[in-house]
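Student: could you work out the structure for the sequence below:
(2 chains)
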Number of protein chains: 2
Amino acid sequence: MHNAITLIPVAGIGEVGVGDSLHDAVLTGLQALPEDQRLRDGDVLVVTQKIVSKAEGRIVAIDHHDPKAKKALVLSLSRRILRERGELLIVETEHGFVCANAGVDLSNVDEGTAALLPKDPDKSAWRLKNGLARSCGVNVGVLISDTFGRAWRNGVCDVAIGGAGIKPILDLRGTTDANGRTLEATEVCIVDELCAAAELVMGKATGVPVAIIRGCPSSWFGDGSVVGDVVRAPEGDLFR
Amino acid sequence: MHNAITLIPVAGIGEVGVGDSLHDAVLTGLQALPEDQRLRDGDVLVVTQKIVSKAEGRIVAIDHHDPKAKKALVLSLSRRILRERGELLIVETEHGFVCANAGVDLSNVDEGTAALLPKDPDKSAWRLKNGLARSCGVNVGVLISDTFGRAWRNGVCDVAIGGAGIKPILDLRGTTDANGRTLEATEVCIVDELCAAAELVMGKATGVPVAIIRGCPSSWFGDGSVVGDVVRAPEGDLFR
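Tutor: Down below sits the predicted model:
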């Protein structure tokens, strides 16, 4: 694990419209990259939720200035409310994610509309992974990222909401540290770290909704579900 | 912000003993890098808490098999307990960080000892930054990282506990999205994203306690305190 990892922004994707092919939009961006940055086997492709949601038609009409309508929309997408303050609702989504306003997003969408989280973000990731295997002949991991706030710390960070071909949690329990002792509590959520890393080259306002992460160890690739593996079961959660 | 970012692992630092110079240990690793990877202006250097704590002598004797002694140690380092389950305490540390067992670390230390968090991790970062400016003539950002669990999501991720020369929170409020509308809720905690990214090339068991992040936009550099800017004030926190 001593090799460098490179984060490559994929610009040139342009606007993704409702119902557009996510695969074709991403491919356009990939083809515009310089030759040496083109997608290849062993890369991880990180795609922001926004363009996935648009392509999948997860857009609804909403009056941005009507707090009641916004709240009703959030509740319709939630399994439970954890906290409420003013217009901010911290909820558990249908998938089990805990986030603000059920991930309903009012920026980078047309006025009078909102983008909802993909219905099944793992499936969205698999669809793109399989599409790229067919069109480009590459075997890559795919992650869908979104921007979540956190408890206890200011500022937002990108995390994974869906994935394909990457083990979400790297289980180091049972391996030993540099002193030969067994490591404790070391299940690393590499998909969240990968999405956080990808955000560094995407930014929020720069029109870069995709990034390639190059140089990941082969041991990170494999099966697993972000929704299934990363969402902490409510009954085991001390903060729900 | 459309340039690639590279994450470079810094191996070859070897064991850092109690009271060793952090600067000299890091420098040894930096000098072992291939010429084109050597530290340069505009890089961000991420250093794991463990070697900072060791160098600063933040090591105490503790019987790893005595739960009472471990709990007493954790409490002595905490301002308050948020949750308790079995041997796990989620506390607010003296700095204000919310984490498991006040950051007391029993792995990668000698048997019978524990590593505590640095007393003032921002100051630790500034000391290293200034030392590298003197010895290498470089102007870099420095972050101290640690591995924290999170509410609601399985697995741990690295976050920043100290920093020097980097603005912890990138404030995008007031900037506009691709549709010209003002972005909401977009204070990005780039120092946590940078530490998460760095972890990808460090791993937990591989003896790589330092990474260089190359290619960060110049706008990220500046003043700020991780403890001051990233720790959410308890009175504004919905989960404390």
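Student: domains for chain A, by residue range?
Tutor: A:6-58+A:119-231, A:59-117 (automatic domain parsing).
Student: now the ones you listed in CSV, with mean neighbour count, distance to residue B:157 and mean pLDDT?
Tutor: C-betas here are computed from N, CA, C, even on glycine. Listed next are those as CSV, based on neighbours: other C-beta atoms under 10 Å in any protein chain shown; distance: least, C-beta to C-beta, whole Å; pLDDT from 0 to 100:
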stretch, mean neighbour count, distance to residue B:157, mean pLDDT
domain A:6-58+A:119-231, 20, 5, 93
domain A:59-117, 17, 15, 93
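Student: out of these, which gets nearest to chain B?
Tutor: domain A:6-58+A:119-231 (2.9 Å; C-beta to the nearest C-beta).
Student: do you know which of the domains of chain A lies nearest residue A:238?
Tutor: domain A:6-58+A:119-231 (10.6 Å; C-beta to C-beta).
Student: show me how far that closest one is from its chain's centre.
Tutor: Centroid displacement of domain A:6-58+A:119-231 relative to its chain, using C-alpha atoms, centre = their mean, to the nearest Å, is 6 Å.
Student: ok, now stretch A:101-119?
Tutor: Centre to centre, stretch against its chain (C-alpha atoms, centre = their mean), the figure for stretch A:101-119 is 15 Å.
Student: quick check: end-to-end length of it?
Tutor: 15 Å (C-alpha to C-alpha, to the nearest Å).
Student: right, is stretch A:39-51 up against chain B?
Tutor: No: among the residues of stretch A:39-51, none lie within reach of chain B under C-beta under 8 Å from any C-beta of the partner chain; the closest is 9.6 Å away.
Student: mind listing what the closest residue to residue A:237 other than its chain neighbours touches?
Tutor: Distances taken as C-beta to C-beta, 6 or more residues apart in numbering or on different chains place residue B:152 nearest to residue A:237, at 6.2 Å, with adjacent residues excluded. By C-beta atoms under 8 Å, 6 or more residues apart in numbering or on different chains, the residues touching residue B:152 are A:97, A:98, A:151, A:231, A:232, A:237, A:239, A:240.
Student: make TSV from those and add secondary structure to it.
Tutor: Converted to TSV, the contacts of residue B:152 look like this (DSSP: H, G, I helix; E, B strand; the rest coil):
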residue	secondary structure
A:97	coil
A:98	strand
A:151	coil
A:231	strand
A:232	coil
A:237	coil
A:239	coil
A:240	coil
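Student: please report phi then psi for residue A:159.
Tutor: phi -130, psi 170 (degrees, to the nearest 10).
Student: ok, now how distant is it from residue B:168?
Tutor: In this view, residue A:159 and residue B:168 are 18 Å apart by C-beta to C-beta, to the nearest Å.
Student: all helices of chain A, in order?
Tutor: A:22-31, A:49-55, A:67-76, A:121-136, A:190-202, A:226-230 (DSSP state H).
Student: reformat the domains of chain A as TSV; add distance to residue B:53.
Tutor: As requested, the domains of chain A are exported to TSV (distance: least, C-beta to C-beta, whole Å):
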stretch	distance to residue B:53
domain A:6-58+A:119-231	15
domain A:59-117	31
